[in-house]
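[1] next one to model:
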Amino acid sequence: MNKQDQLAIIKEDFVNCQQVLLAIGDETRQSILLVLMGTDCQTGLRVGEITEQTHLSRPAVSHHLKILRDAGIILMRKEGTKNFYYINVRTKLSLLKTLVLDIEKLMKDFY
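    Prediction:
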(Lines give C-alpha, C1' and ligand atoms only; values in the text may rest on other atoms or scores of the structure.)
Protein backbone atom coordinates (compact mmCIF):
# COMPACT_ATOMS: atom_id res chain seq x y z
CA MET A 1 0.00 0.00 0.00
CA ASN A 2 1.45 3.38 -0.93
CA LYS A 3 1.73 6.41 1.31
CA GLN A 4 -1.27 8.21 -0.22
CA ASP A 5 -3.51 5.18 0.36
CA GLN A 6 -2.33 4.97 3.95
CA LEU A 7 -2.99 8.68 4.48
CA ALA A 8 -6.49 8.28 3.03
CA ILE A 9 -7.17 5.49 5.53
CA ILE A 10 -5.86 7.61 8.41
CA LYS A 11 -8.01 10.53 7.27
CA GLU A 12 -11.05 8.25 7.36
CA ASP A 13 -9.99 6.99 10.80
CA PHE A 14 -9.90 10.57 12.08
CA VAL A 15 -13.40 11.21 10.73
CA ASN A 16 -14.66 8.03 12.38
CA CYS A 17 -13.05 9.03 15.69
CA GLN A 18 -14.20 12.66 15.84
CA GLN A 19 -17.20 12.13 18.11
CA VAL A 20 -15.25 9.84 20.44
CA LEU A 21 -12.29 12.23 20.60
CA LEU A 22 -14.57 15.16 21.42
CA ALA A 23 -16.38 13.13 24.07
CA ILE A 24 -13.28 11.89 25.89
CA GLY A 25 -11.31 15.11 25.42
CA ASP A 26 -13.24 16.84 28.18
CA GLU A 27 -11.76 16.53 31.67
CA THR A 28 -15.19 16.28 33.31
CA ARG A 29 -16.21 13.41 31.06
CA GLN A 30 -12.89 11.72 31.77
CA SER A 31 -13.67 11.85 35.51
CA ILE A 32 -17.12 10.35 34.88
CA LEU A 33 -15.57 7.56 32.81
CA LEU A 34 -13.05 6.86 35.57
CA VAL A 35 -15.90 6.61 38.09
CA LEU A 36 -17.78 4.20 35.84
CA MET A 37 -14.63 2.13 35.24
CA GLY A 38 -13.72 2.11 38.92
CA THR A 39 -16.97 0.76 40.26
CA ASP A 40 -17.40 -2.85 41.31
CA CYS A 41 -21.04 -2.63 40.33
CA GLN A 42 -21.58 -4.48 37.04
CA THR A 43 -25.12 -3.19 36.73
CA GLY A 44 -24.05 0.43 36.31
CA LEU A 45 -24.45 3.59 38.33
CA ARG A 46 -27.27 6.07 38.67
CA VAL A 47 -26.80 9.80 38.13
CA GLY A 48 -26.94 10.44 41.89
CA GLU A 49 -24.14 7.96 42.53
CA ILE A 50 -21.98 9.54 39.83
CA THR A 51 -22.78 12.99 41.24
CA GLU A 52 -21.57 11.92 44.69
CA GLN A 53 -18.28 10.60 43.35
CA THR A 54 -17.52 13.47 40.98
CA HIS A 55 -18.90 16.37 43.08
CA LEU A 56 -20.68 17.71 40.00
CA SER A 57 -24.29 18.84 39.89
CA ARG A 58 -26.94 16.40 38.69
CA PRO A 59 -27.67 18.49 35.57
CA ALA A 60 -23.96 18.61 34.73
CA VAL A 61 -23.59 14.84 35.12
CA SER A 62 -26.70 14.24 32.99
CA HIS A 63 -25.38 16.57 30.29
CA HIS A 64 -22.01 14.82 30.13
CA LEU A 65 -23.60 11.36 30.23
CA LYS A 66 -25.68 12.28 27.18
CA ILE A 67 -22.54 13.26 25.26
CA LEU A 68 -20.83 10.00 26.23
CA ARG A 69 -23.93 8.02 25.23
CA ASP A 70 -24.23 9.82 21.90
CA ALA A 71 -20.59 8.96 21.21
CA GLY A 72 -21.27 5.26 21.91
CA ILE A 73 -18.89 5.09 24.87
CA ILE A 74 -21.46 4.34 27.56
CA LEU A 75 -24.87 2.70 27.61
CA MET A 76 -27.94 3.18 29.79
CA ARG A 77 -30.14 0.46 31.22
CA LYS A 78 -33.63 1.27 32.50
CA GLU A 79 -35.03 -0.53 35.51
CA GLY A 80 -38.47 0.85 36.20
CA THR A 81 -37.97 4.58 36.66
CA LYS A 82 -34.25 4.20 37.37
CA ASN A 83 -31.51 4.66 34.79
CA PHE A 84 -28.16 2.91 35.19
CA TYR A 85 -25.11 3.99 33.20
CA TYR A 86 -22.18 1.74 32.36
CA ILE A 87 -19.23 1.47 30.00
CA ASN A 88 -20.11 -0.07 26.65
CA VAL A 89 -17.82 -3.10 26.30
CA ARG A 90 -18.20 -2.89 22.54
CA THR A 91 -17.39 0.78 22.71
CA LYS A 92 -16.41 3.01 19.87
CA LEU A 93 -13.20 3.63 21.80
CA SER A 94 -11.83 0.77 19.70
CA LEU A 95 -11.87 3.21 16.77
CA LEU A 96 -9.02 5.03 18.52
CA LYS A 97 -6.98 1.85 18.57
CA THR A 98 -7.48 1.48 14.81
CA LEU A 99 -6.39 5.08 14.27
CA VAL A 100 -3.23 4.64 16.32
CA LEU A 101 -2.36 1.34 14.63
CA ASP A 102 -2.80 2.87 11.17
CA ILE A 103 -0.59 5.82 12.12
CA GLU A 104 2.03 3.43 13.50
CA LYS A 105 1.99 1.46 10.22
CA LEU A 106 2.56 4.63 8.23
CA MET A 107 5.32 5.88 10.51
CA LYS A 108 7.03 2.48 10.57
CA ASP A 109 7.65 2.86 6.84
CA PHE A 110 9.65 6.04 7.55
CA TYR A 111 11.92 4.59 10.25
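
[2] buried ones in the host helix or strand of T51?
    Element membership of T51, judged by DSSP states H and E, is helix 47-54. Neighbour counts over helix 47-54 (16 or more other CB atoms under 10 Å) mark V47, E49, I50, T51, Q53, T54 as buried. Every residue, glycine included, has its C-beta placed from N, CA and C.

[3] nearest residue to the first one in space, please, no chain neighbours.
    This points to V47. With CB to CB, 6 or more residues apart in numbering as the criterion, V47 has its nearest non-adjacent residue at 5.3 Å, and that residue is V61.

[4] any idea which helix or strand comes after the longest helix along the chain?
    In the chain, with assignment by DSSP state H, the single longest helix is helix 3-24. The helix or strand immediately downstream of helix 3-24 is helix 27-38, counting by DSSP H and E.

[5] report the mean confidence score over that following helix.
    Helix 27-38 carries an average pLDDT of 95.

[6] what does it rub up against?
    23-24, 44-45, 50, 53-54, 56, 60-61, 64-65, 67-68, 73-74, 85-87 (CB atoms under 8 Å, 6 or more residues apart in numbering).

[7] for the residue sitting nearest the centre point of the chain, which non-adjacent residue is spatially closest?
    With distances taken as CA atoms, centre = their mean, the residue of the chain nearest its centroid is I73 (3.8 Å). Nearest residue to I73, sequence neighbours excluded (CB to CB, 6+ apart): T91, at 5.3 Å.

[8] tell me the pLDDT of that neighbour.
    For T91, pLDDT reads 76.
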